[in-house]
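J.: Take a look and give me a structure for this.
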Amino acid sequence: GETARVMSVGPFAKRLLRPLARLAQPLLFAPSRSVRIYTRGGDKGRSSLYTGERRPKSDVVFCALGDTDELSAALGVASEFCSPHTPRLQSQIEWTQCRLLDVGSVLATPLSAADGTEPPRAPPVFDEAEIARLEEWIDEMEAELPPLSNFILYSGGKCSTMLHLARTVCRRAERSVTPLVLAEESPAVAARYLNRLSDFLFVAARFAALKEGKVEKAYRHGGIFEVRRL
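T.: Model prediction:
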């Protein structure tokens, strides 16, 4: 089951502790005696990858890690805005946040070091089946949604709007990961997953609006500006 699957990939998420500890505070993991919130190791503008290699914090790897971390945070807000009418959607969001940690563990273990040498350890493998899972979720929701007849504005209630915002962060994360894939520092599956995730988030935003009975505002062509009466 999915619960067992979470347990099986859990160790991959733990591999993010070192790079994420220097990317954002507070940590996504609860502090313990073995993990200190501050290390002072990044005070001079450099941080460590899971391979042990130290790079400037401006390195493309840390930019990609930061964007995926921000995406997970945006999804956390969207999850809090989910209504009782969308319990499955909330579970899907939480599952996705766990998979983003798996993506991060892949990114934090580049396929080559900055000097071109091979890293001391191989990166974890991200499950291609997660892309198919997103496609299945998309198909399920689209079966209930009315077809799009025009462009929509980002609207439809708090959950829907936050999912639209998360989608834009997801696109940025994908743009950050793409150079790593093209440079063969990260496997292409990471970029493919983020690409499909942005599709899922767009459909999920529309689905949340539908289930909550919220109206999606439609694009209107320019002309005379009028204030709509509520």
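
J.: Give me the residue at the spatial middle of the chain.
T.: Nearest to the geometric centre of the chain sits Leu71, at 4.1 Å (CA atoms, centre = their mean).

J.: Just give the closest residue to that one, not the sequence neighbours.
T.: Val169 (4.6 Å; CB to CB, 6 or more residues apart in numbering). Every residue, glycine included, has its C-beta placed from N, CA and C.

J.: For the protein, give me the ranges with low pLDDT.
T.: The model of the chain has pLDDT under 70 over residues 1-34, 56, 58, 113-123, 223-230.

J.: in it, which spans are strands?
T.: Counting by DSSP state E, the chain has strands at residues 46-48, 54-56.

J.: burial count for the closest residue to Gly157 other than its chain neighbours?
T.: Leaving aside its chain neighbours, Gly157 sits nearest to Lys214 (3.8 Å; criterion: CB to CB, 6+ apart). Using other CB atoms under 10 Å, Lys214 has 17 neighbouring residues.

J.: Am I right that Lys214 is in contact with Thr161?
T.: No: taking contacts as CB atoms under 8 Å, Lys214 lies outside contact range of Thr161: 9.2 Å.

J.: what touches both of these two?
T.: Taking CB atoms under 8 Å, 6 or more residues apart in numbering as the criterion, Lys214 and Thr161 both touch Ser155.

J.: which residues does the residue nearest to Leu71 contact?
T.: Asp67, Glu70, Leu71, Ala74.

J.: With distance to Val103 as added columns, please give those in CSV.
T.: Shown next, in CSV, are the contacts of Val169 (distance: CB to CB, whole Å):
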residue, distance to Val103
Asp67, 11
Glu70, 13
Leu71, 9
Ala74, 15
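
J.: Tell me the most packed of these, by neighbour count.
T.: Most surrounded of these: other CB under 10 Å gives Leu71, at 27 neighbours.

J.: from memory that one sits against Arg171, does it?
T.: No: counting by CB under 8 Å, Leu71 sits too far from Arg171 to count as a contact (9.6 Å).

J.: Quick check: buried residues in stretch 209-219?
T.: Ala209, Leu210, Lys211, Glu212, Lys214, Glu216 (16 or more other CB atoms under 10 Å).

J.: Same check on stretch 81-92?
T.: In stretch 81-92, counting by 16+ other CB under 10 Å, buried: Phe81, Cys82, Ser83, Thr86, Leu89, Gln90, Gln92.

J.: Alright, I will stop here.
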